[in-house]
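# What would the 3D arrangement of this be:
(one chain, ligands or ions: 1)
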Amino acid sequence: MDQIRIATRGSKLALWQAEHIKGLLQATYPDMKVGLVIIKTKGDKIQDVPLAQVGGKGLFVKEIEEALLDGRADIAVHSMKDVPTELPEELMLGIIPQREACEDCLVSMRFTGLDELPEKATVGTSSLRRQAQLLNMRPDLNIVALRGNLDTRLGKLERGDFDAIVVARAGLNRLNLSAPCMHTFAPDRFLPAVAQGALGIEFRADRSDLASVLAFMDDHPTRVCVLAERAFLFRLEGGCQVPIACHAVMHGSELRITGMVADVTGRECILRSTTGPVAQGEQMGRELADVILDAGGRRILQELYLS
Ligand SMILES: NCc1[nH]cc(CCC(=O)O)c1CC(=O)O
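Numbering: from 1, shown residues only. A predicted model of the protein is given here:
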């Protein structure tokens, strides 16, 4: 193989991620030509409408996948968090590189943590998962919608629209963004989204040539954790607009998975954990989802889908 075309969105974060993979490829195969194919998705064009109204699940991914299916590109680099649990049959997430930072981060111009925020402080996030966990710990907070790219969100914080915002630590790290106060939540105190901080490389299932060329980038522990988290989400049929969280950690031959379903007010957060052998990760993810459904998660999700 002498060239690889990488399909990516045009946002700074997406471009960083695609360039990162391009760099890894070129370091390993100095003679290979690696190019980026930038796709402008509907989700990038519509920034001010709630995601659920413009098509919700997989909004950023579908148009990238079309470029793989019609041969405009060979591989796509995604934030795994944004990739729906069901893929088109012809495609696969063939490579999952090492996850860097999975955590969420409270970012503020003045306040160093959640406990330091004043009564009724305004916190920006459009994630129902973040909203539920924030309100669970601090029911007084005023949660305000905040969409857009990471630098746009930080710009609004700097402008004084919010006392704090919550964003993914991985995004801040990748774009080298910072603010005066940044508190990174421990994942067991503030549960990340499924696959947060992980990248996924998608390509056509019939491209075994790509699978072997890219194999050096695959990270087994990350793959185990991300697949278990996605199995949890799949069982809950969760889109990106549902307060669902899951985080898995591998310790030797053991996997520990923690999952959560919450209501949007944060009054009810149903949190459960399980531990078992690495080889059963996906089954454990599904079973953990069932435990949470039976413990009240089913009722919460039904109420949410009806509203
Ligand atoms: N929802 C958008 C999105 N998709 C991936 C990341 C961050 C990087 C990652 O989690 O891999 C973000 C930003 C955020 O959640 O603050």
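# From here on, just use CA atoms for contacts and neighbour counts.
Will do.
# quick one: low-confidence ranges for this structure?
Per-residue confidence of the chain (counting by pLDDT under 70) places the weak regions at 43-57, 238-240.
# what's the nearest residue to residue 98 if we skip its chain neighbours?
The shortest distance from residue 98 to any non-neighbouring residue, by C-alpha to C-alpha, 6 or more residues apart in numbering, is to residue 219 (5.0 Å).
# so what's that neighbour up against?
For residue 219, the residues meeting the contact criterion (C-alpha atoms under 8 Å, 6 or more residues apart in numbering) are 96, 97, 98.
# roughly how far apart are it and the ligand?
Distance of residue 219 to the ligand, computed by C-alpha to the nearest ligand atom, to the nearest Å: 15 Å.
# mind giving me the domain ranges of the chain?
In the domain annotation for the chain, the residue ranges read 1-98+198-218, 104-184, 219-307 (automatic domain parsing).
# how about the most centrally placed residue in the chain, phi and psi?
Residue closest to the average C-alpha location in the chain (C-alpha atoms, centre = their mean): residue 81, at 2.4 Å. Backbone torsions for residue 81, taken as degrees, to the nearest 10, come to phi -60, psi -30.
# Could you pull up the residues touching it?
Under the criterion of C-alpha under 8 Å, 6+ apart, the contact list for residue 81 reads 193, 194, 195, 196, 197, 198.
# returning to that earlier point: could you identify which of the contacts of residue 219 has the most neighbours?
Counting neighbours by other C-alpha atoms under 10 Å, residue 96 leads the contacts of residue 219 with 26 neighbours.
# Tell me if I'm right that that one and residue 198 touch.
Yes: taking contact to mean C-alpha atoms under 8 Å, the distance of 7.4 Å between residue 96 and residue 198 places them in contact.
# re the thing from before, can you redo the contacts of residue 81 as TSV with neighbour count?
Compiled in TSV, those are given as follows (neighbours: other C-alpha atoms under 10 Å):
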residue	neighbour count
193	28
194	28
195	28
196	27
197	22
198	22
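# overlap between those residues and the residues near the ligand?
For the ligand, the contacts drawn from the contacts of residue 81 by C-alpha under 6 Å from any ligand atom are 196, 197, 198.
# Surely the first one touches residue 103?
To tie it back to what came earlier, the one meant is residue 196. Yes: the pair formed by residue 196 and residue 103 meets the contact definition of C-alpha under 8 Å, at 7.5 Å.
# which neighbours do the two share?
Residues touching both residue 196 and residue 103 (C-alpha under 8 Å, 6+ apart): residue 168.
# which residues in this structure form helices?
If DSSP state H is used as the criterion, the helices of the chain fall at 12-28, 42-45, 51-54, 62-69, 128-137, 150-158, 169-175, 208-214, 220-236, 281-292, 298-306.
# which stretch among those comes nearest residue 119?
Of all the helices of the chain, helix 128-137 sits nearest to residue 119, with 12.2 Å by C-alpha to C-alpha.
# measure the closest residue to residue 2 other than its chain neighbours to the ligand for me?
For residue 2, the nearest residue in space outside its immediate sequence neighbours is residue 32; the separation is 5.0 Å by C-alpha to C-alpha, 6+ apart. When distances are taken as C-alpha to the nearest ligand atom, residue 32 and the ligand turn out to be 26 Å apart.
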